[in-house]
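Peer 1: 3D model of this:
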Amino acid sequence: MQKLKIRDLTLRDGQQSQFATRMSQAQVDRVLPYYAKAGFYACEVWGGAVPDSIMRYLGENPWDRLEKIKAAVGDSTKLTSLSRGRNLFGYAPYPDEVIEGFTKETLKSGLGIVRIFDALNDINNMTSTIRYVKKYGGITDCAVCFTVDPRFTFGDKIKAFFKRKKLPENIFNVDYFVRKAVELEKEGAGIITIKDMAGLIHPKMTGELIRGLKNSVKVPIDLHTHDTPGYGLASVLMAIVNGVDIVDTVISNFAGGPAAPAFELVQIFCDKLGIETDVDLKQVSAINKELLVIRKELEQFDTTKLIPREFDISDYKLDADIDALFDRSITAAKSGNADELLVHTQAITKYFNFPDPNEQVKNAEIPGGMYTNMVAQLKQLKLDHLMDRALKLVPKCRLDSGCPPLVTPTSQIVGTQAVNLALDEQNGKPEYSTLTNQFVNLVMGQYGKTPFPVDPGFREEICGSPEEIPYDTSSYKKQPNPVLKEFGHVKLAKNYKEELLIELFPNVAVGFLKKKREAEWIAANPVVVPRVIKPKVLTEEDIQNLYKDGWY
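Peer 2: Numbers count the residues shown, from 1 in each chain. Sure thing, here's the model as predicted:
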């Protein structure tokens, strides 16, 4: 029987996409007994926004989060995390000693798989993490970030023609992604993931790409996508019928929309295709029931406010018309009819009450998070009317900065700069009058090699030199670990793991650790409150007795 491995994203990507990463340790603990028996190949539980958010908003220790999950699930499932290559969690690259130390500690604390990616798909930025994950016994899951070519208007093409400027064509095709995968396999990848955080991979492209990868590399292939523009479920099914080894899903009550497709829908397809996932469906059903309770507890952070249809994957019978939609989807996927497949899968997700496709994100061809960041930036300035113009300027910003894939952090960098271009235009200023340091660094080459060369003239205009200047980690300065005199002369970070928190999240970890040291100081040095003895009010009888006893 054909097998398909499932990586569950519920406790990291799922809650990050849907509820701003506000799931507390107590809420995570409630589902862990079921996860210990569920039999998922892997569960993504760490990385992304988790370490920063739980310190910032919940006052919890990221290392505790990882270690408590590992203690609860043991070796029943592999725990996975994200690593942004040389950048780890920040914007600036880190030296090898930081990357090695962090990688070693994460694997020691319970990780089994590390998903390594780079925002520019620059493999040089990934090699050190690959080396250290292998050195300390982890599985290297090397991701190629999926993106699409910038979409230029007719006006853009005319301007480029008169300026004798070449516009990129067909950069991000199947050959591009396959070449990257082949290079990563040579570097030591144990898994190759197509990481489509924006949900932009069309099912037609998915089928072609999975076939190309299966013909070119020997390691397992994983598809990671989201359902924001409405392609997610169709692309996962297309990947399955074309031989993908692993797919990423989220359990129903945290799935769909900005998150990955629902596991339950993928399982129905597998049931019909005779594919074994080795997942205990009763445990999934129990997890899903608890997730509904947790979702209601997190209501203030719920991005869609849309509860999926109640459904028990361990004991289900579909209505005839819905059952037929699953069958038609499979037929369309096997025949390669992507358009028909999308019609059927979108009808399925609508029936199960998952969010409709986000047409604005779909048309703009940018990640949902990038879109909402741009909207928030313009709302804050009370310039919402510039949003359409800013979106039209995204392709220009991408081209000028070397056509980076739109994934963290390049999506934020390009999105913010597109907003700045729109503001410069409105204020009658020359373009690129307003620049962010991150955009300058991207153009300079500080983040690595871009997929398309940056024009040297543009680089000189923005950075002062036409030459690419890579980031030099020899100038890196370690974050200070001060002594806290007010709390008994202890150091802010008491161990190496806490030092790593300061190194990677200085803006939030310093405050978090100060509160921790303060709490420890108070616990060890309780304030002694003097006993207050209230004076007795003497009665007339008391006074007479005092006279008798010779006190007066």
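Peer 1: Could you tell me how far Asp29 is located from Asn242?
Peer 2: To Asn242, Asp29 is 39 Å away according to C-beta to C-beta, to the nearest Å. Yep, even glycine has a C-beta here, placed from its N, CA and C like the rest.
Peer 1: Pick out whichever of the two has more residues nearby.
Peer 2: Asn242 (21 against 12; other C-beta atoms under 10 Å).
Peer 1: Show the contacting residues for that one.
Peer 2: Shown in contact with Asn242 (C-beta atoms under 8 Å, 6 or more residues apart in numbering): 206-207, 210-211, 214.
Peer 1: List only buried entries from those residues.
Peer 2: Listed as buried from the contacts of Asn242 are 206-207, 210; burial here means 16 or more other C-beta atoms under 10 Å.
Peer 1: Turn those into CSV, columns for distance to Asp118, pLDDT and secondary structure.
Peer 2: Output for those, formatted as CSV (distance: C-beta to C-beta, whole Å; pLDDT from 0 to 100; DSSP: H, G, I helix; E, B strand; the rest coil):
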residue, distance to Asp118, pLDDT, secondary structure
Thr206, 22, 98, helix
Gly207, 26, 98, helix
Ile210, 22, 98, helix
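Peer 1: Out of the residues you listed, which is nearest to Thr103?
Peer 2: Ile210 (29.1 Å; C-beta to C-beta).
Peer 1: Isn't Asn170 up against Val148?
Peer 2: No: counting by C-beta atoms under 8 Å, Asn170 does not reach Val148; the two are 10.4 Å apart.
Peer 1: More neighbours: those two, which one.
Peer 2: A direct count of neighbours by other C-beta under 10 Å for Asn170 and Val148 places Val148 higher, at 17 against 8.
Peer 1: so that one makes contact with Gly199?
Peer 2: No: using C-beta under 8 Å, Val148 is not in contact with Gly199, being 11.3 Å away.
Peer 1: So, low pLDDT: which residues of this structure?
Peer 2: 528-552 (pLDDT under 70).
Peer 1: got the residue ranges for the strands in it?
Peer 2: 5-8, 42-46, 78-83, 111-116, 139-145, 191-196, 221-225, 246-249, 483-484, 490-491 (DSSP state E).
Peer 1: Throw those into a markdown table and include distance to Ala333, thanks.
Peer 2: Shown next, in a markdown table, are those (distance: least, C-beta to C-beta, whole Å):
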| stretch | distance to Ala333 |
| --- | --- |
| strand 5-8 | 18 |
| strand 42-46 | 24 |
| strand 78-83 | 27 |
| strand 111-116 | 26 |
| strand 139-145 | 22 |
| strand 191-196 | 17 |
| strand 221-225 | 13 |
| strand 246-249 | 13 |
| strand 483-484 | 60 |
| strand 490-491 | 58 |
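Peer 1: Dump those strands into JSON lines; add mean neighbour count as well.
Peer 2: As requested, the strands of the chain are arranged in JSON lines below (neighbours: other C-beta atoms under 10 Å):
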{"stretch": "strand 5-8", "mean neighbour count": "24"}
{"stretch": "strand 42-46", "mean neighbour count": "26"}
{"stretch": "strand 78-83", "mean neighbour count": "24"}
{"stretch": "strand 111-116", "mean neighbour count": "24"}
{"stretch": "strand 139-145", "mean neighbour count": "27"}
{"stretch": "strand 191-196", "mean neighbour count": "26"}
{"stretch": "strand 221-225", "mean neighbour count": "25"}
{"stretch": "strand 246-249", "mean neighbour count": "26"}
{"stretch": "strand 483-484", "mean neighbour count": "12"}
{"stretch": "strand 490-491", "mean neighbour count": "14"}
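Peer 1: I'd like to know which of those strands is closest to Lys289.
Peer 2: Among the strands of the chain, the nearest to Lys289 by C-beta to C-beta is strand 5-8 (15.8 Å).
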